[in-house]
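Participant: what shape does this take:
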Amino acid sequence: MLNVFRFLWSPKWVALTLACIFVIPAFQALAEWQWRRLDQRHAYNQAIQAQISKAPIAISELVLPASDPVVLADEATWRTVELTGTWIVQSQVLVRKQSLESNSGLWVVTPLLLTNGTIVMVNRGWTPAANSAMETPMIAPLPAGVIEVLGRVRAATARTKSAPTDLPTGQVDRIIPLEIYPSDSTITNSYVEMTASRPESRTAEIRELPAPEVTEGNHRSYAIQWTFFEFLTVVGWLVLVRNEVIERRKKISLME
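Facilitator: Here you go, the predicted structure:
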């Protein structure tokens, strides 16, 4: 009986067995990694939902006291805030390469001078790209006077490489508040994604940005997939061994 399994000590089978022994913990580690990613995604989603569900608050209440430059507290991200001020129209910019529903376009970002003197970047929404990447879409004029804005706080990521120098006038590659409006009063680490305004400051060619999509992503399916591969490796090795044993027993029977 034991002689039937002696083939397991052959170089081919030793290599195959070692390969299975190696990939099984690798598949297990990948599955556990995806489960951890899923837990992190759940925590992230819950944090976003908790922030969005809070009652609107004046953005001034989220500014860190005596901050230089002016910054919002880290927990301000995704909070719904109320702003009152006037548009700084001459400093409006369009942020390139922003897609919406698979369509290419730009964000329309306009600085808002608040009544307390603070300046915040407001992303008024998405507009379709022009016929050429070097063309700047036409944006309708903004209403003058005092504006009330409601929106979500978003984090402004720091620049990690030099800004491009070949963009058309009025276009930027990302929202860097101090590059758009350099001032000691500019909030540097955040901007606001507008959801409503009074009087209306979103014209026909500008679409409102959708609320954050709270989903699990593919982490659960990937975790199950890696677990299945782990199971399949064990079952596959056993099936191969079984088939080899059957073949060897047939040969032994024929020899007898």
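Participant: okay, now the unreliable bits of the stretch 151-256 of the chain?
Facilitator: For the stretch 151-256 of the chain, the stretches with pLDDT under 70 are 252, 254-256.
Participant: in it, which spans are helices?
Facilitator: Shown for the stretch 151-256 of the chain, the helices assigned by DSSP state H, counting those that start in this stretch span residues 177-180, 219-255.
Participant: quick check: which of these is buried the most?
Facilitator: Counting by mean count of other Cβ atoms under 10 Å, helix 177-180 has the highest mean neighbour count of the helices of the stretch 151-256 of the chain, with a mean of 19. C-beta coordinates here come from the backbone N, C-alpha and C atoms, glycine included.
Participant: please name every helix or strand in contact with that one.
Facilitator: Other elements packing on helix 177-180 under the criterion 3 or more Cβ pairs under 8 Å, 6 or more residues apart in numbering; DSSP states H and E are strand 119-128.
Participant: distance between the strand it packs on and the chain's centre?
Facilitator: The chain centre lies 19 Å from the centre of strand 119-128; the measure is Cα atoms, centre = their mean, to the nearest Å.
Participant: dump stretch 26-40 to PDB, restricted to CA.
Facilitator: Output of stretch 26-40 as PDB, limited to C-alpha atoms (Å, rounded to 0.1, in the frame of the first residue of the first chain):
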ATOM      1  CA  ALA A  26      -0.200  33.200   0.300                       C
ATOM      2  CA  PHE A  27      -3.900  32.800  -0.800                       C
ATOM      3  CA  GLN A  28      -4.900  32.900   2.900                       C
ATOM      4  CA  ALA A  29      -2.900  36.100   3.500                       C
ATOM      5  CA  LEU A  30      -4.500  37.700   0.400                       C
ATOM      6  CA  ALA A  31      -8.000  36.800   1.600                       C
ATOM      7  CA  GLU A  32      -7.300  38.200   5.100                       C
ATOM      8  CA  TRP A  33      -5.900  41.400   3.500                       C
ATOM      9  CA  GLN A  34      -9.200  41.900   1.500                       C
ATOM     10  CA  TRP A  35     -11.300  41.300   4.600                       C
ATOM     11  CA  ARG A  36      -9.200  43.900   6.500                       C
ATOM     12  CA  ARG A  37      -9.800  46.300   3.500                       C
ATOM     13  CA  LEU A  38     -13.500  45.600   3.700                       C
ATOM     14  CA  ASP A  39     -13.500  46.500   7.400                       C
ATOM     15  CA  GLN A  40     -11.600  49.700   6.700                       C
END
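Participant: so for it, mean pLDDT?
Facilitator: The average pLDDT for stretch 26-40 rounds to 92.
Participant: okay if I get the helices of the stretch 151-256 of the chain as CSV plus distance to Met138?
Facilitator: Compiled in CSV, those are given as follows (distance: least, Cβ to Cβ, whole Å):
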stretch, distance to Met138
helix 177-180, 20
helix 219-255, 42
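Participant: right, and these - which one's nearest Leu30?
Facilitator: When these are ranked by proximity to Leu30, the top entry is helix 219-255, at 4.3 Å, counting by Cβ to Cβ.
Participant: show me what that closest one is packed up against.
Facilitator: helix 11-53.
Participant: looking at the helices of the stretch 151-256 of the chain, which is nearest to Tyr191?
Facilitator: Counting by Cβ to Cβ, Tyr191 lies closest to helix 177-180 out of those; the figure is 6.5 Å.
Participant: just the C-alphas of the closest one, formatted as CSV.
Facilitator: Taking Å, rounded to 0.1, in the frame of the first residue of the first chain, the C-alpha atoms of helix 177-180 are listed here in CSV:
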residue,chain,number,x,y,z
PRO,A,177,-6.2,76.9,-2.6
LEU,A,178,-3.1,79.1,-2.3
GLU,A,179,-2.3,78.7,-6.0
ILE,A,180,-5.8,79.8,-6.9
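Participant: this completes my enquiry, with thanks.
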